[in-house]
Structure formats: C-alpha cells, structure tokens
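here is my input; please provide its structure:
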Amino acid sequence: MTATLEAIQADITTLDVDAVVNAANSSLLGGGGVDGAIHRAAGPGLVEACRRLGGCPTGEARLTPGFALPARYVIHVVGAVWRGGDQGEAQLLAGCYRNALRLAAGHDLRSIAFPAISTGIYGYPPEQAANIAVATVREEIAHLPSIERVLFCCFSPADLARYRDLLP
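The predicted structure is shown next:
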C-alpha cells in the first residue's frame, strides 16, 4: 500500500494524527513559530520531556509524547539554517524529513503531519524547501510501508498552493 500525501492549510496543533513534526531549535526547549505553538498547546509536560532528551543536532529527529495535543506524539526536528545553499543545507533539511519518517515507522506510527521546516526564522527559500520536503517524503515512504498518511500542514495559502502543485 502506498501512503497518501496531502497538503492542507491548518493549525498543526489541532491535527488528530499519530505524530506532528515540530520544527524545533537544537535545545528542543521551545521557541517561536510552530515550535512555540506546539509547546503552548502540548502543555508543560512537553518541555520537561524535551529537557530529558538533551537537545538534537540539525537534521536529526527525537520523539516525545504529545501530552495535551490531539497527536499522540511529537517528532522534533532541527531544520537547516539557510546560508546561501552551498553549506549542505539541502542534505540537512532532507535529513529532517527522512529521520522523522524513520522514527515514526520505528514506533509503528501510521500518520504524520509536517510543517514547512526551516522556512520561517531559519530563512530557507519556501519553494526549494517544499521541493526537498515532497521529494524526500516520496523517496522515503517507498521503503516504509507502515506509514499510511503524510500531511504537509501549511500555514499560508501560498504555502498550500506550492505543496499542492508538487503533489499528484
């Protein structure tokens, strides 16, 4: 069975999926944007769980419970900071998607929602980030049959249009 890939415009903290992906900073202790929203919605248990993880390197992924979120789990990834495109940013960003999916599959999770990782304060060009996200997810789910549904949760109408153009 092939996973369903879908782009939606929604508040990621409201999604009833097995895991939402948090575009975190390396401390995992909360920040702005989607990271702050997920931490606020999940409640104080999330920061305590993250503190026990001791951080996360760029491109890697860590799992915590979802606490007060509808999602059972939060998969925290640290996106690539855009430095012009010739500092390995694409590989690091692809690693976020790849490692989040592998972590989800390793915990037998079936549905996962991704925000547009690295496109906020980290400055990644949104079109390039979307291309990397969709290509990496398509490539990875071919090897992860347990993943049934992948949502690209878009914040803006422009992001939604960008992702829908890339999906069948």
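
for burial, what's the neighbour tally of the closest residue to Asp108 other than its chain neighbours?
Of all residues not flanking Asp108 in the chain, Ser146 sits nearest, at 5.9 Å (Cβ to Cβ, 6 or more residues apart in numbering). All C-beta atoms are positioned from the backbone trio N, CA, C, and that covers glycine. Neighbours of Ser146 under the rule other Cβ atoms under 10 Å: 15.

who touches Ser146 in this structure?
105, 108-110 (Cβ atoms under 8 Å, 6 or more residues apart in numbering).

and if you look at Leu144?
Per Cβ under 8 Å, 6+ apart, neighbours of Leu144: 3, 101-102, 104-105.

make a PyMOL selection of whichever of the contacts of Ser146 turn out to be buried.
Selection command for PyMOL covering only the buried members of these, criterion 16 or more other Cβ atoms under 10 Å:
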select buried, resi 105+109
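
which among the contacts of Ser146 gets closest to Gly54?
Leu109 (22.7 Å; Cβ to Cβ).

could you report the neighbour count for the spatially closest residue to that closest one that is not a sequence neighbour?
Spatial nearest neighbour of Leu109, chain neighbours left out: Asp18 (3.8 Å); criterion: Cβ to Cβ, 6+ apart. Neighbours of Asp18 under the rule other Cβ under 10 Å: 21.

what score does the residue lying closest to Val34 once chain neighbours are set aside have for pLDDT?
Using Cβ to Cβ, 6+ apart and skipping the chain neighbours, the partner closest in space to Val34 is Pro115 (4.5 Å). With respect to pLDDT, Pro115 scores 98.

gap between Pro115 and Leu144?
Distance, Pro115 to Leu144, using Cβ to Cβ, to the nearest Å: 20 Å.

ok, now Ile117?
For Ile117, the distance to Leu144 - Cβ to Cβ - is 18 Å.

likewise for Gly120?
Remark: distance between Gly120 and Leu144 (Cβ to Cβ) = 27 Å.

contact partners for Val34?
Here Val34 is in contact with 12, 22-23, 115, 120, 155 (Cβ under 8 Å, 6+ apart).

again, only using 10 Å
When contacts are counted by Cβ atoms under 10 Å, 6 or more residues apart in numbering, Val34 touches 11-13, 20-24, 114-117, 119-120, 153, 155.

so it: helix, strand or coil?
Using DSSP: H, G, I helix; E, B strand; the rest coil, the structure places Val34 in helix.
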